[in-house]
Structures are given as structure tokens and as C-alpha cells.
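Novice: Quick one, fold the following:
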Amino acid sequence: MHTSSRTLTFSGLVVAALALSACSPGTAEAEPAAENSAAATTPAEASSSPSASGGSAERQEVASLTPRVVLSYDGGLMTLDAESGEILGTTEHEGFLRLNNAGDGRHVLVSDSDVFRLFDTGLIDQAHGDHSHYYEQAPALTDTALEAPEAAHVVVHEGKTALFADGSGAIQVLDSTAFSDGSVEDGEVERHATEAAHHGVAVPLTDGNLLLTQGTEESRDTVQVVTPAGEVVAETTDCPGCTARPRPPPPRKAT
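Specialist: Take a look at the predicted model:
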């Protein structure tokens, strides 16, 4: 059994922890939450270090983890208990917010204008020998933010998380476990650059290479596979309209 996270359209993300071997005797397995779309991942075990902005959050040990749903709305973020529908917390934050799986089973990356912000769902799976301990704490937006002009796609694959900035074409790749302690060190980030700013995407591959798009604001028709050093090892230019989809609406003007 394993911990699982699944995305819900562009506006929500379920961080669903399917109970592992519970520490308490007689603990039942948690059932996976229902979702609107698949996009399943298998995140690594999350750290128990609190990452809430402004200090350590109160945490409580539990027999198993109940899935939580994070929703973005006009004015902030809301976290719900996926089984009861109870509102566990709200965070006020202006702007068009898009939610992405961070890949560690605990955190969500929020695409927010020119940064990716790290949101802590408060679900904690702490490995302890041949079993795990489970904790819950209040969800919160952390102080961690990765600069990315027009922060866009996040892709989790093979234990890696790739972030793409449409406004510069820059790519940041991290081990998905890098988010587990609620912070990101500069040395944990592998950086790549595309030839021009465009609405693109990057996907970490099993062999350590990276699949990425090349294009401009007007067109995107090239896909490449590059090594960590940036050497192109495969390429096709026969992919018209790669990653094309509606762009988010412009920010609203204050009235």
C-alpha cells in the first residue's frame, strides 16, 4: 500500500493518504477519495517538520490520514475534509491561483502570478522503521516561494518535480522529497532554460533526462529530450500547438 495524491481539475487538488500499516492495533485502512480526473501520482513519504508560515503548527497523532481537498477560489484557498466536507482552514490570497501536486504527499504548489508558492495541507506521514506514524495539523500557506515569471505547469514523474515558467521559458527540477520539510534550498534545484518564453512544459524522465518544449509566444512545435547538462539527445519539430490550452484570465483591476 502507498500514499497517493490525485488532482481535481485546475481549481482543486486532493492530497489523499491511503493508510499504510497503522501504528495502532486494529486500525482500518482509509479509503481513497473520489475525484473528477485521474492524474494519479505516488509521492514519497512526507517529513513531519511543520512548515506553516509564522511558526510551528499544533499537530496531533492519528491512527490514519483522512484525505483532504484543497480548493482555490476568488480570494484565497480552502482546505476541506474529503470525507465529511468540513472546512479545515481558509487562507486569504488574491489573484488567479492554480493548484499543482508537489509530489511529496503533503504539499501543494500554487501557481500565483510570478511565483510558485508552497502550501502545506497538514497531512504528515513519518516513517518509523517498518511502519509509519501519522499526524495532522492545520493547513497553511508557507513562506517558501520559487520565482517563476508567469508560473505555469508543474509535472511530477519518477520522484522528480518540474516547474515551468511561461514568462521566461525557465525550468526548475527538484527531487519531490525536497518539499517535505516545507522549504527549498538553492542547491536542491536543477535549472534549465529554453530558447524563448512560451507556454510550455517539462517532464522528468526515468533515465534522468528531461523532456521539454521549445517555442515562442506565437507558436510551439518542438519537443526535445535533454541531459542534465543541457545536451539535446532527441528532438522533433512535428508537434504543432504543443501544450496549447487557454491561458488564465488577466488580473482584475482594483475598483
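Novice: right, and the helix or strand after the least confident helix or strand in the chain by mean pLDDT?
Specialist: Here the helix or strand of the chain ranked lowest by mean pLDDT, DSSP states H and E is strand 40-41, holding a mean of 29. Using DSSP states H and E, the helix or strand that follows strand 40-41 towards the C-terminus is strand 59-62.
Novice: So which other helices or strands are in contact with that next one?
Specialist: Packing partners of strand 59-62 (3 or more CB pairs under 8 Å, 6 or more residues apart in numbering; DSSP states H and E): strand 131-137. No exception for glycine: its C-beta is placed from N, CA and C like everyone else's.
Novice: ok, the strand it packs on: who's next to it in the sheet?
Specialist: strand 59-62 (antiparallel), strand 123-128 (antiparallel) (DSSP bridges).
Novice: buried residues in the shortest one?
Specialist: Neighbour counts over strand 59-62 (16 or more other CB atoms under 10 Å) mark Val62 as buried.
Novice: For Gly103, which non-adjacent residue is closest in space?
Specialist: Ser176 (3.1 Å; CB to CB, 6 or more residues apart in numbering).
Novice: What's the separation between that neighbour and His107?
Specialist: Separation of Ser176 from His107 (CB to CB, to the nearest Å): 9 Å.
Novice: Looking at those two, which one has more neighbours?
Specialist: Of the pair Ser176 and His107, His107 is the one with more neighbours under other CB atoms under 10 Å, namely 31 against 24.
Novice: close enough to count as contact, the more buried one and Gly182?
Specialist: Yes: when contacts are counted by CB atoms under 8 Å, His107 is listed as touching Gly182 (7.4 Å).
Novice: what about the residue lying closest to Glu188 once chain neighbours are set aside, neighbour count?
Specialist: Once flanking residues are discounted, Glu188 sits nearest to Ala178: 4.4 Å by CB to CB, 6+ apart. Counted with other CB under 10 Å, the neighbours of Ala178 add up to 20.
Novice: Can you classify Ala178 by secondary structure?
Specialist: On the three-state scheme (DSSP: H, G, I helix; E, B strand; the rest coil), Ala178 is labelled helix.
Novice: Check it and give its pLDDT.
Specialist: pLDDT for Ala178: 97.
Novice: ok, so what distance separates it from Ala170?
Specialist: 17 Å.
Novice: re the thing from before, the strands paired with strand 131-137 into JSON lines, with extra columns for mean pLDDT and distance to Ala162?
Specialist: Putting these into JSON lines (pLDDT from 0 to 100; distance: least, CB to CB, whole Å) gives the following:
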{"stretch": "strand 59-62", "mean pLDDT": "94", "distance to Ala162": "30"}
{"stretch": "strand 123-128", "mean pLDDT": "90", "distance to Ala162": "23"}
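Novice: what bits of this structure have low per-residue confidence?
Specialist: For the chain, the stretches flagged by pLDDT under 70 are 1-57, 241-255.
Novice: try it again with 80
Specialist: Filtered on pLDDT under 80, the chain yields the residue ranges 1-57, 239-255.
Novice: ok, Ser168 - contacts?
Specialist: 148-150, 193, 197 (CB atoms under 8 Å, 6 or more residues apart in numbering).
Novice: now, among those residues, which is nearest to Val232?
Specialist: The closest of these to Val232 turns out to be Ala193 (CB to CB; 12.8 Å).
Novice: That closest one and Gln172 touch, don't they?
Specialist: No: taking contacts as CB under 8 Å, Ala193 lies outside contact range of Gln172: 10.5 Å.
Novice: Which one's more surrounded, those two?
Specialist: Set side by side, Ala193 and Gln172 show more neighbours around Gln172, with 21 against 12, by other CB under 10 Å.
Novice: Just say helix, strand or coil for the nearest residue to that one once chain neighbours are set aside.
Specialist: Closest residue to Gln172 apart from its sequence neighbours, by CB to CB, 6+ apart: Leu163 at 4.5 Å. For Leu163, the assignment made with three-state DSSP gives strand.
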